[in-house]
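> I need the structure of the sequence given here:
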Amino acid sequence: MAPSNSVTAFRDALRQSKSIVAVAGAGLSAASGISTFRDKGGYWKKYDPRSLATPEAFAENPSLVWQFYHYRRSRVMEASPNAAHYALATLSLPELLGTIAPQANFTFITQNVDSLSTRALNEVLQKRNSGATIPPPAPLYEMHGRLADTICTSCKRKETNLANKSLCPALETTGAPPAYGESEDAVADIPLAELPQCGHCGGLLRPGVVWFGETPLHLDEIDEAVGSADMCLVVGTSSTVYPAAGYAYEVSSQGGKVAIFNMERTDGDDESDFLFLGPCEQTLPDALFGDRSQDQKLQSEPQ
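Down below sits the predicted model:
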C-alpha cells in the first residue's frame, strides 16, 4: 500500500504514539541556506568529500581542511533556524508535545552539524521562560558533532566557539573557496603554527565534527530511544545514509509508524506509512500544527 499523505490520519497516529523519534538530515536546513558538499551546488564541489573529511586528510593537509571548515563555519554562523527547526524544537518541550501527543516522549536525532536545531531549541526555551519552572526539554543528539566545536588533537579538550568564525587570523585572510573562486590559488598554504591552536595546551585544533571512518556520537542513547519508539519522523534525509537510515526501518519492524518529510521521493519511501513531499519548513509545521505558524503556536500557549 502506498504511503498516506493525509494530515488527519497522521495526527491521529501521532496522538496515539507513546514514544516518538525524529531523524533529521540536510534537507532540514536547506531553507536556512545550508547545503551539503554532496550536492551539485554544494561546498567546494571540485573536491571529493573524502579528501576533506577524514582524519587522514587532516593529518596530510590540515591547512586545506581547515580552510574548508572555516568556509562551512562562516556559512553556518550567518544562517538562522527555519520553521522546521522550530517545529521540532516545539516537540522537544513536554508541555507542548502533550498538546498533540499526550502520552508520548520525544527524542530528536540530527545528522546535521550546523547547530541550528540547538539554536532553535534555545530560542524556544527563552520564549517559554517566564520565571516559572518548566520541564527539561527532550534529548537532542547531534550524532555527527558540530561545526561550532573544536577538539584539541593533543589534550582532547572539546570547546564550543560561536563568536569567532575564523578561530585564527590566518583563516580570516584566506581567499574564496575554489568552488566559487574558480582557482586553486584561492586556497592558501597556511603554516601549521598559524592554524587554530588550543588555548590550554597549545596543540593543534581540529573541527569538532565526525569524519568518515569515525564513530558517530551518542549511539547508545540513540539505539535505546529508537528501540522503544512507535513513531519515527524522517525529516530532510534519504534512506541511504547510515546509521540514521536504519532507524526508520527499525521502528517500522517493531510495529511503529514512519512519516517522511522530504522534497522528493527516495528509495524506501513505499515502506513508510506517511509521506509528505515539499519543503519541510512548510510540510512539517503544517502536518503537526495545522494552519497556525510555529510562532503563533508558541505565542498561543500559556506563558
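> CA atoms for contacts and neighbours, from now on please.
Fine.
> Just give the closest residue to Thr110, not the sequence neighbours.
Ala24 (4.6 Å; CA to CA, 6 or more residues apart in numbering).
> Could you check how far Phe289 is from Leu88?
11 Å (CA to CA, to the nearest Å).
> The two: which is more packed in?
Using other CA atoms under 10 Å as the criterion, Phe289 and Leu88 rank with Leu88 on top: 26 against 16.
> hang on, the earlier thing: specify the beta-bridge partners of the residue nearest to Thr110.
Legend: beta-bridge partners of Ala24 under DSSP bridges are Thr110, Val235.
> Could you tell me the end-to-end distance of stretch 100-114?
So stretch 100-114: terminal residues 28 Å apart, CA to CA.
> how about it: buried residues?
Counting neighbours by 16 or more other CA atoms under 10 Å, one finds that the buried residues in stretch 100-114 are 100-102, 104-114.
> right, and out of those residues, which lies closest to Arg15?
Taking CA to CA as the measure, Arg15 lies nearest Ala101 of the buried residues of stretch 100-114, at 4.2 Å.
> Helix or strand: which one has that closest one?
Using DSSP states H and E, Ala101 maps to neither a helix nor a strand.
> Thought Asp12 was touching it, still the case?
No: the criterion here is CA atoms under 8 Å, and Ala101 misses it with Asp12 at 9.0 Å.
> domain ranges for this structure?
Taking the TED database as the criterion, the chain consists of the domains 1-34+82-144+217-302, 35-78+146-209.
> tell me the mean pLDDT over the shortest one?
Predicted confidence along domain 35-78+146-209 averages 81 (mean pLDDT).
> Tell me which stretches of the chain form helices.
Assigned by DSSP state H, the helices in the chain fall at 7-16, 55-60, 62-78, 83-91, 94-97, 116-128, 169-172, 178-181, 219-227, 245-253, 280-289, 294-300.
> contacting residues around Ile100?
Taking CA atoms under 8 Å, 6 or more residues apart in numbering, we find Ile100 in contact with 11, 14-15, 288.
> What is the burial count for Ser6?
Using other CA under 10 Å, Ser6 has 12 neighbouring residues.
> Now it. Nearest residue, chain neighbours left out?
The nearest residue in space to Ser6 (CA to CA, 6+ apart) is Phe274, at 7.5 Å.
> For that neighbour, name its beta-bridge partners.
Judged by DSSP bridges, the bridge partners of Phe274 are Ser4, Ala259.
> Quick check: the gap between it and Cys280.
Taken as CA to CA, the span from Phe274 to Cys280 is 14 Å.
> Relative to Asn262, how far out is Thr283?
When distance is defined by CA to CA, Thr283 is 9 Å away from Asn262.
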